[in-house]
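build the 3D model from these lines:
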Amino acid sequence: MLESRGAWRRVRGADGYEGWTHEGYLSLGDGSFDAGPAASDAGWRISHGCTVLLAGSRSLALPLGALVPPAGVVLAGRASAVRAAEPEGVAATALNAFAGTPYMWGGVTPWGADCSGFVQTVFALHGIALLRDASQQATLGETADGGRPGDLLFFSEREDGRITHVAIALGGEGFAHVALGRGGFAVERRDADDPYVVALVARYRFSRRVL
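The predicted structure is shown next:
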């Protein structure tokens, strides 16, 4: 927590993003929480879409990627520790976990996501913390050819080349992304003759490998 104004709090998330939220959404902790892979060692789990019973007999529906506290009792759905971080597993999560997700600017869950929110949550499920925006994610990892599962593909339509879109490689020519032009989640091939894909591939800039 960075600042208070009445009932509002300016907070910084684990990915460095800052914003304002009402105190009604918060509970005061001791500042020791680690949202990275060590969180699972302390008993925290990751929701795969579940309803949990929290302190005070309050039930709450949690989306994919939400953190379930150690004392939370899963009433429906599933929660687990962080998945193994390996390329094929990340690609499988990218292919399956967000199927049917609508596009929502700023979203990070299957209830609604944007391109970088989709990428951030997929990797978080495997214990890999990424920055929030596509332009920030483009600074991570090492240069890659984009052909290995889990590689990040970056695109831009801007003259200055600033990255505006990101996708996850599935291996070969395939990739998955969440895009406004598709209305949400989609699986594509870079060699497809679909007009949308042709236009998108023309804006491809480079790839990065973060695992």
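
and the residue nearest to the spatial centre of the chain, which helix or strand is it part of?
Nearest to the mean C-alpha position of the chain, by Cα atoms, centre = their mean, lies residue 121 at 2.1 Å. Per DSSP states H and E: residue 121 is located in helix 115-124.

next SSE downstream of that helix?
Downstream of helix 115-124 (by DSSP H and E), the next one is helix 134-137.

distance from the longest strand seen in the chain to the middle of the chain?
Determined from DSSP state E, the single longest strand within the chain is strand 45-54. Averaging C-alpha positions (Cα atoms, centre = their mean, to the nearest Å) puts strand 45-54 17 Å from its chain's average.

got the angle between that strand and helix 115-124?
Angle between the axes of strand 45-54 and helix 115-124 is 90 degrees (criterion: axes from the mean of the first three to the mean of the last three Cα atoms, to 10 degrees).

what's in contact with strand 45-54?
40, 59-69, 71-82, 110, 124-125 (Cβ atoms under 8 Å, 6 or more residues apart in numbering). C-betas here are computed from N, CA, C, even on glycine.

quick check: neighbours of that strand in the sheet, parallel or antiparallel?
strand 58-62 (antiparallel), strand 67-68 (antiparallel), strand 73-80 (antiparallel) (DSSP bridges).

so for that strand, mean pLDDT?
Averaging pLDDT along strand 45-54 gives 91.

got the contact list for residue 162?
So residue 162 contacts 135, 156 (Cβ under 8 Å, 6+ apart).

in which helix or strand does it reside?
Counting by DSSP H and E, residue 162 is part of no helix or strand.

that one and residue 206: what is the separation?
13 Å (Cβ to Cβ, to the nearest Å).

so what pLDDT did the residue nearest to the centre of the chain get?
Looking at residue 121, the pLDDT reads 94.

and for residue 71?
For residue 71, pLDDT reads 87.
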